[in-house]
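In: Got a predicted model here, sequence first, then my questions.
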Amino acid sequence: MLTPYSGVYPYYGHHLMAGMLLGLYPGAVKKNEVQFIPAYTKMGDPASALEAVNRLVFFEQADIISGLINYRSMPDIVPVIERHDKIALFFDMGEYIPWFNYLSPRIFYSSQQVWQSQYALGYWAAKEYGDGGMMLMTIYEAGYHISNTFQKGVSDAGAGRLGLHVIPHDKRDPKKMDLEDFFTTVKKNKPPYVHAIFAGNIGNDFLQQWKDSGLHKLVSLVVAENMVYDDMLEDVASLDLELFSASTWSRGSESPRNKEFVKKFETNGGQMANVFGLLGYEAGLALREIKPMIQKRDWNKVSEILQKESINGPRGERNFYPSSGFSLPTIDIISVKTSSKKIYKTVVSQGKGLKFDSLQFKEIHEGNVSGWQNPYLCI
């Protein structure tokens, strides 16, 4: 398991592994049948990821290479996986739209597809509020495709103008968030909505400042999916805010498969079910179907099946090989109301997703020259 550092979700690796085990075994988890070997990859840069893969392949003799990666690490990793006849199943949050010059038949992907929810959210916001919204983020979030896909959704919905405010970065105090100029601009020329993109606690800091500014009564606030995860919102529930966001998974979904996952995860782990547990669980369901081939080390058969098959999990159909289509997620546009008693989430619309290789996204790949190489939320 490749495990880069994350100050946002320090236990995501444990949740991925716990989810995989729960998906792999329909009943009680068998001990000593599966061994996880965590490999620290620093901030998840390509050099550190490659070093960890080499160690797992050559020294640890791991059968399956997994863990959290950024797609920009793949060109270095692919030759090692193929040359040594391994299988890889990698996770990502969906900070970049996948774009593969070469698809290895040995490497599979499980993504939260945040870029999908961002596109759907932009499309909805433009239809709901019209032209002239404003995006707000730090330089960190600006380095991925998250803002680009929101902007693409806005333009595909027919809206043209979308303002952008990137908060100045202070190297001496990287957590400093000076919003004075932003708030002044918004109060002077009120946009129909503000779209905020923040990772981790800085998102909650922004929500506190948003409330203190009084703008929550004047302008609609639309936020990125990761800002309304239940475990993040708990700390700011008492602010009594109303936000809008997009979601590809709800812990409270009443579907039988989701209820089964949430119950298993929270009963076994004693913690709230989250997206990392979900990603691991979906991967575990896929591995459950091919477990006999894995035990026989019939990697050609394992590869053949994973390229074609899909699983039906907590959020519907999922598959793990890009050319098989990456099942489009169901995207809910949600209203989120916070209070000290409860966080209320209400579906107000259905979002619109696009295939990762749609022509609409080509210009994003060609125009994004960022060097951001760490997986999203690994700060």
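Out: Perfect, I can see it now. Numbering: from 1, shown residues only.
In: if I look at residue 167, how far off is residue 286?
Out: 40 Å (Cβ to Cβ, to the nearest Å). Backbone N, C-alpha and C define where each C-beta goes, glycine included.
In: what's the answer for residue 34, then?
Out: Taking Cβ to Cβ, one finds residue 34 at 14 Å from residue 286.
In: More neighbours: the two, which one.
Out: Neighbour comparison, residue 34 and residue 286: the larger count goes to residue 286, with 23 against 18 (by other Cβ atoms under 10 Å).
In: which ones are touching the more buried one?
Out: The neighbourhood of residue 286, defined by Cβ atoms under 8 Å, 6 or more residues apart in numbering, consists of 23, 89, 306, 309, 311, 318, 320.
In: how about 6 Å then?
Out: Going by Cβ atoms under 6 Å, 6 or more residues apart in numbering, residue 286 touches residue 311.
In: got it, and residue 278?
Out: residue 249.
In: confidence score at it?
Out: Confidence at residue 278, expressed as pLDDT, is 98.
In: separation between it and residue 173?
Out: If you go by Cβ to Cβ, the gap between residue 278 and residue 173 works out to 35 Å.
In: Which element, helix or strand, includes the residue nearest to residue 65 when sequence neighbours are not counted?
Out: Leaving out its chain neighbours, the residue that sits closest to residue 65 by Cβ to Cβ, 6 or more residues apart in numbering is residue 88, at 4.3 Å. Using DSSP states H and E, residue 88 falls within strand 87-92.
In: Now the helix or strand following that strand: average pLDDT?
Out: Using DSSP H and E, the next helix or strand after strand 87-92 towards the C-terminus is strand 107-111. The average of the pLDDT scores along strand 107-111 is 95.
In: residue boundaries of the helices in this structure?
Out: In the chain, the helices defined using DSSP state H lie at 12-24, 46-54, 74-83, 114-129, 139-142, 146-156, 180-188, 201-213, 230-233, 256-269, 275-289, 291-295, 299-308, 362-367.
In: From the chain's centroid, how far away is the first one?
Out: It stands for helix 12-24. 16 Å (Cα atoms, centre = their mean, to the nearest Å).
In: quick check: angle from it to helix 256-269?
Out: 120 degrees (axes from the mean of the first three to the mean of the last three Cα atoms, to 10 degrees).
In: So which other helices or strands are in contact with helix 12-24?
Out: Under the contact criterion of 3 or more Cβ pairs under 6 Å, 6 or more residues apart in numbering; DSSP states H and E, helix 12-24 touches helix 275-289.
In: at 7 Å what do you get?
Out: helix 256-269, helix 275-289 (3 or more Cβ pairs under 7 Å, 6 or more residues apart in numbering; DSSP states H and E).
In: Quick one: work out the angle between it and strand 87-92.
Out: Using the same axes, to 10 degrees: helix 12-24 against strand 87-92 is 120 degrees.
In: so helix 12-24 versus strand 107-111, what angle?
Out: Using the same axes, to 10 degrees: helix 12-24 against strand 107-111 is 110 degrees.
In: hmm, who's touching helix 12-24?
Out: 1, 3, 6, 29, 34, 36, 38, 68, 91, 264-265, 268-269, 274, 276-285, 287-288 (Cβ atoms under 7 Å, 6 or more residues apart in numbering).
In: hang on, the earlier thing: measure the residue nearest to residue 65 to residue 126 for me?
Out: 38 Å.
In: Equivalent analysis for residue 270, please.
Out: 42 Å.
In: which one of these two has more residues nearby?
Out: Ranked by neighbour count (other Cβ under 10 Å), residue 270 and residue 126 place residue 126 first, with 25 against 7.
In: Flag the shaky bits of the protein, pLDDT-wise.
Out: 325, 369 (pLDDT under 70).
In: Would you map out the domains in it?
Out: 2-112+253-324, 115-247+331-356 (automatic domain parsing).
In: Any idea which of the ones you listed gets closest to residue 365?
Out: domain 2-112+253-324 (4.8 Å; Cβ to Cβ).
In: gap between that closest one and the chain center?
Out: With Cα atoms, centre = their mean, you get 14 Å for domain 2-112+253-324.
In: and what of stretch 146-162?
Out: 20 Å.
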